[in-house]
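Asks: Whatever this is, show me its structure:
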Amino acid sequence: MKAIIITSVLAIGFLSFSIPALSQCEIRNRIYPDGTMLYNIEPVNFYWTKSKSLKGGVVTDKENYYLQLQPSPFPEKSHGKKLKDDLELKLSNDSVYRLEHFDTRYLDHDTVMQLLYLIDRKKLEDLINFEAISVKINMQGTEGIRTYVFMLHKSAIQEQLSCFLKEQENKNKKKK
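Replies: Here you go, the predicted structure:
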């Protein structure tokens, strides 16, 4: 009986540790109407209040990496398609990086807007080593610059990039 209890406790402990770790690196894919396939990990909340929120994460097309952000509230499609300014990203090493605007997409019958920013390969190392502190998005119109200070999941970008790079490294090892 004692052995069963110990085994049960160990199994529950292992599952409670491994399930969150695995879910952080569960890579999914999505084919967009233009034929583009992007691989992503479930977006996480970076900032949330009653009036504003910001979700996002890293996506890749297997050649480039992008920071995908879903700000809320977001402008209607006619105004949102005009959002083409680069993103300002501040990391915990006090460096501020500009990520080039890549695309603006509306999903799920226009209930979600996604902004994609290209991550320069030269910046990958810093994004893997330092937490994200804040982003500044130019929402244009009457609002202008919207700053989101990351309150939640500051290390999500690091973890997701590491996950994608580790998967790529494993695939390269299998090819050899």
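
Asks: Check residue 107 and give its pLDDT.
Replies: Per-residue confidence at residue 107 stands at 81 (pLDDT).

Asks: Look up the closest residue to it, ignoring the ones flanking it.
Replies: Excluding the flanking residues, the one nearest residue 107 by C-beta to C-beta, 6 or more residues apart in numbering is residue 114, at 6.2 Å. In short, each C-beta sits where N, CA and C put it, glycine included.

Asks: Just the C-alpha atoms of the helix or strand where that neighbour lies, please, in PDB.
Replies: In the assignment (DSSP states H and E), residue 114 maps to strand 112-119. These are the backbone C-alpha positions of strand 112-119, laid out as PDB (Å, rounded to 0.1, in the frame of the first residue of the first chain):
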ATOM      1  CA  VAL A 112      -8.500  39.500 -33.800                       C
ATOM      2  CA  MET A 113      -5.900  41.700 -35.300                       C
ATOM      3  CA  GLN A 114      -2.300  40.500 -35.500                       C
ATOM      4  CA  LEU A 115       0.700  42.600 -36.100                       C
ATOM      5  CA  LEU A 116       3.800  40.800 -37.300                       C
ATOM      6  CA  TYR A 117       7.300  42.200 -36.800                       C
ATOM      7  CA  LEU A 118      10.400  40.700 -38.300                       C
ATOM      8  CA  ILE A 119      13.100  39.700 -35.800                       C
END
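
Asks: who touches residue 51 in this structure?
Replies: residue 73 (C-beta atoms under 8 Å, 6 or more residues apart in numbering).

Asks: One more pass at 10 Å, please.
Replies: 72-73 (C-beta atoms under 10 Å, 6 or more residues apart in numbering).

Asks: In a helix, it, correct?
Replies: No: read with DSSP: H, G, I helix; E, B strand; the rest coil, residue 51 is coil and lies in no helix.

Asks: before we move on, back to that, neighbours around the residue nearest to residue 107, how many?
Replies: 21 (other C-beta atoms under 10 Å).

Asks: how near is it to residue 67?
Replies: Going from residue 114 to residue 67 by C-beta to C-beta, to the nearest Å gives 10 Å.

Asks: now do residue 100
Replies: In terms of C-beta to C-beta, residue 100 sits 10 Å off from residue 67.

Asks: neighbour-wise, which of the two wins?
Replies: Neighbours per residue (other C-beta under 10 Å) separate residue 100 from residue 67, with residue 67 holding more: 23 against 14.

Asks: So that one is in contact with residue 57, correct?
Replies: Yes: assessed by C-beta atoms under 10 Å, residue 67 is found in contact with residue 57 at 7.8 Å.

Asks: which residues are common contacts for the two?
Replies: What both residue 67 and residue 57 touch, as defined by C-beta under 10 Å, 6+ apart, is the set 157, 160-161.
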